[in-house]
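K.L.:
Fold the following, please.
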Amino acid sequence: MVVHFPIALAAAAFLVETLALLFKKPAWHRAALWNLALGAAGAAAAVITGRLAAAAAKHSFEIHKLMEFHERLGYGAAALLLLVAGWRLKKKDCLGFWSRRLAWIVLGLAVGILAFGAHLGGRMVYEFGVGGSYGRGAGIEVVR
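P.N.:
Got it, this is the predicted structure:
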């Protein structure tokens, strides 16, 4: 449950920030920043709960490799989100033309990493049955 909010908030931040840049709406930057800050905090919480879940989840060696990659993506996305949120908050969101675009690019990169990590997390749960009663881990053959 903890992982879904940061994904949605970070994606919303990127969407609102993109619209703010396209339509030149300064107030929308603040809305994007709120979503980003909450998403970054949620991503940090998701990393912590993910570490706890990984330690408790039964899984095979093959799935362990996927889990490690998913974990590294989570660390990277959380770090980028925290970096951009911290930078924008420290600057009180008063960024120049190029700084604003750099922050947008890094946010987009973080959301892309987050999306791929979420895809891998979904595969672990629904295809391999890690942490649940779905997929191959539950004796269900997945049709491709």
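K.L.:
helix/strand/coil for D93?
P.N.:
coil (DSSP: H, G, I helix; E, B strand; the rest coil).
K.L.:
hang on, isn't it packed against A32?
P.N.:
No - contact criterion C-beta atoms under 8 Å: D93 and A32 do not qualify, at 9.0 Å. For the C-beta atoms, the positions are set from N, CA and C on the backbone; glycine is no exception.
K.L.:
Of the two, which one has the most company?
P.N.:
Using other C-beta atoms under 10 Å as the criterion, D93 and A32 rank with A32 on top: 25 against 16.
K.L.:
The more buried one contacts A11, correct?
P.N.:
No - using C-beta under 8 Å, A32 is not in contact with A11, being 11.1 Å away.
K.L.:
Next, count neighbours for the closest residue to A78 other than its chain neighbours.
P.N.:
Distances taken as C-beta to C-beta, 6 or more residues apart in numbering place A43 nearest to A78, at 4.0 Å, with adjacent residues excluded. Residues near A43, counting by other C-beta under 10 Å, number 29.
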